[in-house]
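Novice: Curious how this folds, go ahead:
(chains A and B, ligands or ions: 2)
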Amino acid sequence: MEMRAVFASELDRMMESDERIVVIDSDLSKANGTLFLRNKYPERAFDVGVAEQNMASVAAGLASYGFIPFITSFCPFATRRICDQIAISIAYAKQNVKIVGTDPGISAELNGGTHMSMEDIGVVRSIPSMVIFEPVDAVQLKKSMPKIVEYDGPVYLRLFRKAQPQIFNDDYEFDLFKADVIQEGKDVTIAASGIMLGESLRAGEILRQKGINAEIINVHTIKPIDSDTILKSVAKTGCIVTAENHNIIGGLRSAIAEVICEKCQVPLRSVGVEDIFGEVGTLEELKIRFGLTAENIAAKALEAVEAKK
Amino acid sequence: MVMDKASFEEKSKEIRRLTIECIGNLGVGHIGGCLSIVDVLTVLYYSQMNVDPANPKMEGRDRLIISKGHAGPALYATLASKGFFPKDELYTLNRLGTNLPSHCDMNKTPGVDMTTGALGQGFSCAVGIAIGSKIKKDGAYIYTIIGDGESQEGQIWEAAMLAAHKKLDNLIAFTDYNKLQIDGPIDEVNSLSDLPAKWESFGWHVQRIDGHDHFAIYEAIEKAKKTEGKPSMIILDTIKGKGVSFIEAVGAGNHNMPITKEQLEAALQELR
Ligand SMILES: Cc1ncc(C[n+]2csc(CCOP(=O)(O)OP(=O)(O)O)c2C)c(N)n1
Ligand SMILES: [Mg+2]
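Specialist: Ligands and ions are numbered 1, 2, ... in the order given. Okay, the predicted model is just below:
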């Protein structure tokens, strides 16, 4: 099932019983799967048109009135376009708005550079109080939705909107603030987020053939970062590789570097977009173009292992 | 120089064919909002703008900023027909490493005057360019095309206010008033209500014409050029997907739609 379908049907389910939930779109409700909600909840689901900044502050107004608004756009317009509105109307004013951006990083594919958010995590991460969550599969997304509503404060949901391979079973216990150790290992930690988890699991296979045993962690919440899980892992493995669909500046790599630099200095290598803008291409082409591949993660892991000596 | 009716129409057909060929070859693209601006592009490039395909960065040239940056393919087809680059290059649209990305990029494509795609920004850039041309007194005309959905962006109105305040009579803007955006009809999503009155109240010289009538577009530009002390807004009543009946019939869904090989053939047939 496509992630956007899971997202919208969870909203639908929760809106039935929770009258505080409001969904506001900005002319991308077809892309984000939320269009049908306005037929069912004509008052609580609506479109502001192509006007993201307005949408963000309107949502803050609704939040101050006791509602829990979800606002939707593509990642770049849900973050860098509305950065000041997030900072002031939402975060500084302490308003409980859930921001949903779709097509993170290279997954904007043929929309190209203008639509590729390589910096959205960095932008949002540097605003106090923001929670940043990037689910890896439909099960995790589904389990997260009630938790996001329950959590009293602003959240940025960075959502890949198409189908994703399943990682978790239905009995998976989700904690918004706890990273998932997907695979235990002893030689190197691979901390991944979003579409890079799948690549990391493949990298784990490549490494196994080379006699390296990788511990793979899904960092679904990039802020606040689960430093306990990271520190516990690197204390065991002695080195770490980060893998993200984002600029290596400001995102997961930065968050992890901040943790290990202060608390447990071990070699760090990273896979991510190397401080350049996006461009048009298909997801698979762009993964290769930007080095967001299992092969690259495995190579960096070998480097990190080597650097321990 | 103004062309005769048949020549204008032939050119627009050619540009529509090239547009749909490059999108159809890829299989998907922003076809609706491309086809709706082909007639204004034809009039601009074939009878109004002072540009030189052999010297795309010529000093003092007229400029065009496509603020609704997703209409890149229509601009590329027009530029290729003018000889800014070989027509064959159109087939690279949106392929990895191309100089023709879905949204206009001034650093990639010869003849593209501004990088756009984040709606609202191109229009402010056009205002900045018009101010620059006034300072340099180079006599250039600065043209820009915005979308009606794009007009919901607050930035459009910030720029509108400044352009009138600065008396930018070298700025000639068009609204592609096709009454559709992605989520549906503009009037259902967030109505612009009386659009000409809005622009008038912002201090602009406003004309509203049939956006597919080449002579009307030509005349409106002539009038805009004669208007002193005010920027000009020419509201083009257009049809999203204009020229290909099955695309027009899709309505809002033609914003970004797949095109099969059979559909491409049918479209080319209709545009003969
Ligand atoms: C800031 C920003 N928000 C959202 C988008 C996504 N988007 C691209 S086109 C479009 C609709 C534009 O409608 P309109 O201006 O009417 O375009 P047209 O009908 O001429 O194609 C949207 C929402 C964008 N490119 N930029
Ligand atoms: Mg429109």
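
Novice: Which strand or helix spans B:I234?
Specialist: strand B:232-237 (DSSP states H and E).

Novice: next SSE after that strand?
Specialist: Scanning onward from strand B:232-237 (DSSP H and E), the first element met is helix B:245-250.

Novice: What is the subsequent helix or strand relative to that next one?
Specialist: According to DSSP H and E, the helix or strand after helix B:245-250 is strand B:257-258.

Novice: ok, that next one near ligand 1 or not?
Specialist: No: judged by CB under 6 Å from any ligand atom, strand B:257-258 stays clear of ligand 1, getting no closer than 11.5 Å. Yep, even glycine has a C-beta here, placed from its N, CA and C like the rest.

Novice: Pull up the gap between the closest residue to ligand 1 within chain A and chain B, please.
Specialist: When distances are taken as CB to the nearest ligand atom, chain A reaches nearest to ligand 1 at A:D27, 3.7 Å away. Taking CB to the nearest CB, to the nearest Å as the measure, A:D27 falls 5 Å from chain B.

Novice: Now do the contacts for the residue in the stretch 101-250 of chain B that ligand 1 sits nearest to.
Specialist: Nearest to ligand 1, among the residues of the stretch 101-250 of chain B, is B:G147, at 1.9 Å (CB to the nearest ligand atom). Under the criterion of CB atoms under 8 Å, 6 or more residues apart in numbering or on different chains, the contact list for B:G147 reads A:V50, B:G33, B:S67, B:K68, B:L119, B:T175, B:D176, B:N178, B:Q181.

Novice: Near residue 40, how many residues? Count them for me, please.
Specialist: If you meant another chain, say so; for now it's chain A. As a burial measure, A:K40 scores 11 neighbours (other CB atoms under 10 Å in any protein chain shown).

Novice: Actually, chain B is the one I wanted.
Specialist: Per other CB under 10 Å, the neighbour tally for B:V40 reads 28.

Novice: do the same with A:E262
Specialist: Around A:E262 there are 10 residues (other CB under 10 Å).

Novice: check which helix or strand covers it.
Specialist: Taking DSSP H and E as the definition, A:E262 sits inside helix A:252-263.

Novice: Need the contact partners of that helix.
Specialist: Identification of contacts with helix A:252-263 by CB under 8 Å, 6+ apart yields A:121-122, A:125, A:191-193, A:219, A:222-223, A:225, A:227, A:230-231, A:234, A:240, A:242-244, A:246, A:248, A:266, A:268, A:270, A:272.

Novice: Quick check: the nearest residue to B:K242 once chain neighbours are set aside vs A:I240, distance?
Specialist: Distances taken as CB to CB, 6 or more residues apart in numbering or on different chains place B:L35 nearest to B:K242, at 4.9 Å, with adjacent residues excluded. Note on B:L35: its distance to A:I240, by CB to CB, to the nearest Å, is 51 Å.

Novice: Which one's more surrounded, these two?
Specialist: B:L35 (31 against 28).

Novice: from the middle of its chain, how far away would stretch A:61-70 be?
Specialist: The chain centre lies 23 Å from the centre of stretch A:61-70; the measure is CA atoms, centre = their mean, to the nearest Å.

Novice: hmm, back to that, put together CSV for the contacts of B:G147, with pLDDT, distance to B:T238 and secondary structure on each row.
Specialist: Formatted as CSV, those follow (pLDDT from 0 to 100; distance: CB to CB, whole Å; DSSP: H, G, I helix; E, B strand; the rest coil):
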residue, pLDDT, distance to B:T238, secondary structure
A:V50, 98, 17, coil
B:G33, 98, 9, helix
B:S67, 98, 15, coil
B:K68, 98, 12, coil
B:L119, 98, 17, coil
B:T175, 98, 9, strand
B:D176, 98, 6, strand
B:N178, 98, 5, coil
B:Q181, 98, 13, strand
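
Novice: Check those one by one and keep those near ligand 1.
Specialist: Among these, the ones lying near ligand 1 by CB under 6 Å from any ligand atom are A:V50, B:G33, B:K68, B:L119, B:D176, B:N178, B:Q181.

Novice: Neighbours of the fourth one, how many?
Specialist: Taking other CB under 10 Å as the neighbour definition, B:L119 ends up with a count of 27.

Novice: Tabulate the ones next to ligand 1 among the contacts of B:G147 in TSV, adding columns for distance to B:T78.
Specialist: What follows is the ones next to ligand 1 among the contacts of B:G147, written out as TSV (distance: CB to CB, whole Å):
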residue	distance to B:T78
A:V50	24
B:G33	14
B:K68	15
B:L119	21
B:D176	14
B:N178	18
B:Q181	23
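
Novice: ok, the residues you listed vs B:R208, which is closest?
Specialist: B:D176 (12.6 Å; CB to CB).

Novice: which residues in the stretch 51-200 of chain A form helices?
Specialist: Secondary structure of the stretch 51-200 of chain A (DSSP state H, counting those that start in this stretch): helices located at A:52-64, A:75-79, A:83-85, A:120-125, A:138-150, A:196-209.

Novice: I'd like to know which of the ones you listed lies nearest to B:T19.
Specialist: If we rank the helices of the stretch 51-200 of chain A by CB to CB, the stretch that ends up nearest is helix A:75-79, at 25.7 Å.

Novice: quick one: contacts of the closest one?
Specialist: With CB under 8 Å, 6+ apart, helix A:75-79 has contacts from A:26, A:52, A:71-72, A:86, A:99-105, A:108, A:114-117, A:119-120, A:123-124, A:156, A:158, B:118.

Novice: My guess is the residue nearest to B:K242 contacts B:R16. True?
Specialist: Yes: assessed by CB atoms under 8 Å, B:L35 is found in contact with B:R16 at 6.1 Å.

Novice: Overlap in contacts, these two.
Specialist: By the contact definition CB under 8 Å, 6+ apart, B:L35 and B:R16 are jointly contacted by B:G243, B:V244.

Novice: Just give the closest residue to residue 125, not the sequence neighbours.
Specialist: Picked chain A for this. Excluding its sequence neighbours, the residue lying closest to A:R125 (CB to CB, 6+ apart) is A:K223, at 5.0 Å.

Novice: Not quite, go with chain B.
Specialist: B:M114 (4.9 Å).

Novice: And for A:G66?
Specialist: In this structure, A:G66 finds its nearest non-sequential neighbour in A:R20, 6.4 Å apart by CB to CB, 6+ apart.
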